[in-house]
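Asks: give me a model of this one.
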Amino acid sequence: MNHFPTFEVIPAVDVQDGEVVQLVQGERGTEKRYGDPVEAAERWIDAGARSLHLVDLDGAFDGERANAAAIEAVVDAVSIPVQVGGGIRTAGEALSLLDRGVDRVILGTAAVEEPAIVAEIADTRPESVVVSLDAKDGEVVVEGWTEGTGLTPAEAAERYADLGAAAILFTNVDVEGQLEGIAAEPVRELVEATNLPVIASGGVATLADVQALSDAGAAAAVVGSALYEGRFTLAEGQQAVEE
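Replies: Residues are numbered from 1 along each chain as shown. All right, here's what the predicted structure looks like:
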């Protein structure tokens, strides 16, 4: 089952302290606030979103799902597929989210530190695990982007394809959250190295960035700041790759 029959622009709903925020390069303290998560989610659905990207930022930093209630409120309120990440550290937590109606779970640190978790979840719920690979200077980093792993994204992706991952969420930390544009080459390299769909995240500022990610072979792009700041609309983002 391909979740991305055509290229998709996925709005990000990043939650910190129960509110939607956008960070610059993932640094706490840099956030801009954008209000209630359910309202944000409904706004993107009205704008034509086909799916949503929900992240518990406190969970990503602290390893515990601090905004579970806010995330679950969004899941309960919307009828389109949602992918959820941030602080999911065990197969049990992932499966309980999937049971609640989450379409895909995003595993980052847990998948890197304990790859078997991916297989454990995928065995019972095929096509439900997205592995998040965050790269800084071409190396996969974990623990809120503070620790290097010694792996390139391509090496890591190969491992997770074998374990049953449905897709790779690739974030280039070097350009994340700065609204200064994307780096297409690392995305292209990863796409060429894996058969898994690659969801690109980080740095999208313009319609040309969306187009470049599509051209690089990404299956989808997660967009946060550019949409919240009105650089372009969701419809414009989607049209940019359909024309």
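Asks: which intervals of the chain have sub-threshold pLDDT?
Replies: For the chain, residues meeting the criterion pLDDT under 70 lie at 1-2, 25, 143-146, 175-179.
Asks: which element is Phe232 on?
Replies: Per DSSP states H and E, Phe232 falls between elements, in no helix or strand.
Asks: I'd like the distance between it and Val15.
Replies: Taking C-beta to C-beta, to the nearest Å as the measure, Phe232 falls 23 Å from Val15. In short, each C-beta sits where N, CA and C put it, glycine included.
Asks: those two: which has the busier surroundings?
Replies: Remark: of Phe232 and Val15, Val15 carries more neighbours, 26 against 21, as counted by other C-beta atoms under 10 Å.
Asks: what helix or strand is the more buried one located in?
Replies: strand 8-16.
Asks: can you dump the C-alpha atoms of that strand in CSV for me?
Replies: The C-alpha trace of strand 8-16 is given here as CSV (Å, rounded to 0.1, in the frame of the first residue of the first chain):
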residue,chain,number,x,y,z
GLU,A,8,1.9,15.4,-1.0
VAL,A,9,2.4,18.5,1.0
ILE,A,10,1.8,17.6,4.6
PRO,A,11,1.2,20.4,7.2
ALA,A,12,3.1,20.1,10.4
VAL,A,13,1.3,20.5,13.7
ASP,A,14,4.2,20.6,16.2
VAL,A,15,2.9,20.8,19.8
GLN,A,16,4.8,22.2,22.8
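Asks: what packs against that strand?
Replies: When contacts are defined as 3 or more C-beta pairs under 8 Å, 6 or more residues apart in numbering; DSSP states H and E, strand 8-16 packs onto strand 19-24, helix 37-46, strand 52-56, helix 57-62, helix 68-77, strand 220-223, helix 234-242.
Asks: what helices or strands is whichever helix or strand comes after the fifth one leaning on?
Replies: Sequence-wise, the next helix or strand downstream of helix 68-77 (DSSP H and E) is strand 82-85. Using 3+ C-beta pairs under 8 Å, 6+ apart as the contact criterion, the elements in contact with strand 82-85 are strand 52-56, helix 68-77, strand 104-107, strand 129-136.
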